[in-house]
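Trainee: test case, fold it:
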Amino acid sequence: MYPIHGVTMTTTLMSRSLCSLFAAGALAFSAATMASNPPPDPVDPGQPSGFERGPNPTLSLVEADRGPFSVRSNRVSGLVSGFGGGTIHYPTNTTGTMAAVVVIPGYISAESSIEWWGPKLASHGFVVMTIDTNTGFDQPPSRARQINSALDYLVDQNTERNGEVEGMIDTDRLGVIGWSMGGGGTLRVATEGRIKAAIPLAPWDTSSWQFRNVQAPTMIIACESDIVAPVGSHASPFYNRLPGDINKAFVELDGGNHYCGNGGASFGQYDTVLSRLGVSWMKRHLDNDTRYSQFLCGPNHESDREISEYRGNCPY
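Mentor: Reported below is the predicted structural model:
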């Protein structure tokens, strides 16, 4: 019991009174603050992200031979440091900065084996470099390093005065596509936190334990009849290793051999599904363009006879 100016008050009553005074003051301060600085409106998930490019997509658009933009290509010398040279593909009839993608081939394979992806993605508003490796025998760890060297090259070219792609690249939005051992390298780079999207094609690697650390949204494209990188010992366990807190998908192409994900004149059986899924994955995760989610989740793949298995954690 404590006497205060002739009034006896318990410690509990005093504490309650003080708490009431503080609460009233806090409410008054909060109300005044909110009046002068009202909270921001909630973000509408349907609002544009600021990176959208091109018309509203339709199934025919994403499956067409080319997207809405014209494409120019420029050779990169094989004498560059860190990788074996290649080709930069970029759209010419659009403005503003764009996401950039590096595409790397597989074991004893040249740039030409994956070149289809360059003009394909560039025609949808990306800067793309399809590359050669230092040697055809380079293993996945070496290919991962070469992917990073190629990304560095694009970043440098973005600031190169009077360069072909000067000022065209948003260096915070980078993606990678890799085939076979290049797919293993792609998954390794996806663990580093540098890229925002990855598409390994029929990936091959000697182990999968490190893929539990993948940070980038990843779509693995597998080939059902692959005898070089059998699905059961490569693509499927690689997918199963991916963490559950990233956007991920596993697509197995019906009856496909090891080349099923390459696209183009030599390997073009699956061009429409590769175009639909590849373009949409990069649009959704590099451009944050939710207009393309419809081609990744729902009936557009569930009814496709060229897909023998589809796994994922929709919605994206």
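
Trainee: list the beta-bridge partners for the residue nearest to residue 285 when sequence neighbours are not counted.
Mentor: The shortest distance from residue 285 to any non-neighbouring residue, by CB to CB, 6 or more residues apart in numbering, is to residue 197 (3.9 Å). C-beta coordinates here come from the backbone N, C-alpha and C atoms, glycine included. Beta-bridge partners for residue 197, by DSSP bridges, are residue 175.

Trainee: residue 197 contacts residue 288, doesn't it?
Mentor: No. Between residue 197 and residue 288 there is no contact under CB atoms under 8 Å: 10.4 Å.

Trainee: which one of those two has more residues nearby?
Mentor: residue 197 (24 against 16; other CB atoms under 10 Å).

Trainee: so for residue 297, what's the pLDDT?
Mentor: On pLDDT, residue 297 comes in at 90.

Trainee: er, residue 272 actually
Mentor: pLDDT, read off for residue 272, is 95.

Trainee: do residue 49 as well
Mentor: 63.

Trainee: can you check residue 12 too?
Mentor: pLDDT at residue 12 comes out at 38.

Trainee: and what of residue 212?
Mentor: Residue 212 is given a pLDDT of 98.

Trainee: just residue 19 next, same as before
Mentor: So residue 19 comes in at 37 (pLDDT).

Trainee: and what of residue 163?
Mentor: 84.

Trainee: quick one: contacts for it?
Mentor: residue 157 (CB atoms under 8 Å, 6 or more residues apart in numbering).

Trainee: ok so it is a helix residue?
Mentor: No. Looking at residue 163 with DSSP: H, G, I helix; E, B strand; the rest coil, it is coil, so not inside a helix.

Trainee: for it, give me phi and psi.
Mentor: phi -70, psi 160 (degrees, to the nearest 10).

Trainee: residue 149 versus that one, what's the distance?
Mentor: 17 Å (CB to CB, to the nearest Å).

Trainee: also residue 181?
Mentor: On the measure of CB to CB, residue 181 and residue 149 end up 16 Å apart.

Trainee: among those two, which residue is more densely surrounded?
Mentor: residue 181 (31 against 17).

Trainee: is it true that that one touches residue 136?
Mentor: No. With contact defined as CB under 8 Å, residue 181 does not reach residue 136; the gap is 9.7 Å.

Trainee: let me know how buried residue 215 is, in neighbour terms.
Mentor: 16.

Trainee: okay, it: pLDDT?
Mentor: 99.

Trainee: need the nearest residue in space to it, chain neighbours excluded.
Mentor: residue 193 (5.0 Å).

Trainee: what's the helix or strand that contains residue 285 packed up against?
Mentor: Element membership for residue 285 (DSSP states H and E) is helix 271-286. If contacts are counted by 3 or more CB pairs under 8 Å, 6 or more residues apart in numbering; DSSP states H and E, helix 271-286 sits against helix 59-63, strand 98-104, helix 117-122, strand 169-179, strand 197-201, strand 218-223, strand 248-253, helix 299-302.

Trainee: out of those, nearest to residue 92?
Mentor: helix 117-122 (9.2 Å; CB to CB).

Trainee: re the thing from before, and the residue nearest to residue 215, that one's in a strand?
Mentor: No. Using three-state DSSP, the assignment for residue 193 is coil, not a strand.

Trainee: on that earlier part again, what do residue 181 and residue 136 both touch?
Mentor: Joint contacts of residue 181 and residue 136 (CB under 8 Å, 6+ apart) are residue 107.

Trainee: number of nearby residues for the residue nearest to residue 215?
Mentor: 11.

Trainee: over to the one 10 residues further on?
Mentor: With neighbours defined by other CB under 10 Å, the count for residue 203 comes to 31.

Trainee: with the one 5 residues further on instead?
Mentor: Using other CB under 10 Å, residue 208 has 19 other residues around it.
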